[in-house]
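Student: With the sequence up front, the predicted model follows.
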Amino acid sequence: QGLATGGEVGSVVVYVAESAPKEIKGMAMQTISVGTNVGTLLACGVGSGVHALLGQEQMRNYGWRLPFLLASIPALYAIRNVSTIEETNDFQTVQAMGVGEAHSQPSTVSQFGMFLRDTWPQGLLAICGIAMQLSISYLNGGYNAEWMELQGVPFTAPRV
């Protein structure tokens, strides 16, 4: 999960930021975070389900491999389809300009300043959304093991 997230999410963020229509750009960007969290939740569910079906001993012997095998299905689908994605217009424009002309564009700092000036309400909403997402992730990771033990569910992973 960490390898996939580190390798793909960064490029997905750039692609969506460059290709999404302005009217839905914020929603499209937030969909990445939601999708990542839903995927993590599903992965935890699959891991817990396999553990419940096999038991502790079989899970230690060979069962830990099954979630990886199941995860290979969407991974292979993504690898197959990533080559069909077209380059964004922004990328094609910079590529066509060449190196010298690309540097004549406004700097990233000035573009960021213009972005903040023009979209500060949406930016504030995005910051609040990210803060809420991080709070939920922290609470889930920090207290999930303790809650499971209080409910009588054996939880053998190390606590955060």
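Tutor: Ah, there it is. Everything numeric here is computed off the predicted structure, so don't read it as measured data.
Student: I'd like to know how many residues surround Met59.
Tutor: Met59 has 19 neighbouring residues, counting by other C-beta atoms under 10 Å. (Each C-beta comes from the backbone N, C-alpha and C, glycine too.)
Student: so who does it touch?
Tutor: Taking C-beta atoms under 8 Å, 6 or more residues apart in numbering as the contact definition, Met59 lies against 50-51.
Student: What distance do you get for it to Val50?
Tutor: Here the criterion is C-beta to C-beta, to the nearest Å. By it, Met59 lies 7 Å from Val50.
Student: Gln56 too?
Tutor: The separation that Gln56 has from Val50, given C-beta to C-beta, amounts to 12 Å.
Student: Ok, Lys25 next?
Tutor: 38 Å.
Student: likewise Glu18?
Tutor: When distances are taken as C-beta to C-beta, Glu18 and Val50 turn out to be 38 Å apart.
Student: Look at these two and report which has more neighbours.
Tutor: Neighbour totals were compared for Glu18 and Val50, and Val50 leads with 17 against 13 (other C-beta under 10 Å).
Student: Skipping its backbone neighbours, what lies nearest that one in space?
Tutor: Leu66 (5.0 Å; C-beta to C-beta, 6 or more residues apart in numbering).
Student: what about that neighbour, how many residues close to it?
Tutor: There are 18 residues near Leu66, going by other C-beta under 10 Å.
Student: Same check on Gly47?
Tutor: With neighbours defined by other C-beta under 10 Å, the count for Gly47 comes to 19.
Student: That's all I had, so thanks and see you.
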